[in-house]
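Visitor: okay, sequence plus prediction incoming.
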Amino acid sequence: MQIKVNGEVREVNEGSTMLDLIRSLGVEERVMASALNMEIVKQDAWGNTLLKEGDTIELLDFVGGG
């Protein structure tokens, strides 16, 4: 099924969770915020958050600096 991640269309398997997606992208999980269809999804809910056709996901990576 198709979803949009940070503006890019991607294919994921039906039944995929937010956690499956994040792991498949190979991104660092510990300092990241996520939104699904404009709603914040807390990290402890990623494994239970099922993705659906047409979902829009935004992944934000925090970078420290000064």
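Guide: Right, received. Where do you want to start?

Visitor: residues touching Thr56, list them.
Guide: Residues in contact with Thr56 (C-beta atoms under 8 Å, 6 or more residues apart in numbering) are Ile3, Lys4, Leu36, Asn37, Met38. The C-beta positions use only the backbone N, C-alpha and C, and glycine is treated the same way.

Visitor: sec struct for the second one, please.
Guide: Using DSSP: H, G, I helix; E, B strand; the rest coil, the secondary structure recorded for Lys4 is strand.

Visitor: that one and Arg10 touch, don't they?
Guide: Yes - the pair Lys4 / Arg10 is scored as a contact, 7.3 Å apart, by C-beta atoms under 8 Å.

Visitor: residue ranges with poor pLDDT in this protein?
Guide: 31, 63-66 (pLDDT under 70).

Visitor: follow-up on the earlier one: export the contacts of Thr56 to JSON lines and append columns for neighbour count.
Guide: Shown next, in JSON lines, are the contacts of Thr56 (neighbours: other C-beta atoms under 10 Å):
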{"residue": "Ile3", "neighbour count": "19"}
{"residue": "Lys4", "neighbour count": "14"}
{"residue": "Leu36", "neighbour count": "20"}
{"residue": "Asn37", "neighbour count": "12"}
{"residue": "Met38", "neighbour count": "7"}
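
Visitor: biggest separation within those, which pair?
Guide: Comparing every pair within the contacts of Thr56 by C-beta to C-beta identifies Ile3 and Met38 as the most remote, at 13.9 Å.

Visitor: run through who's touching stretch 27-46.
Guide: Here stretch 27-46 has contacts from 17-19, 22-23, 49, 51, 55-62, using C-beta under 8 Å, 6+ apart.
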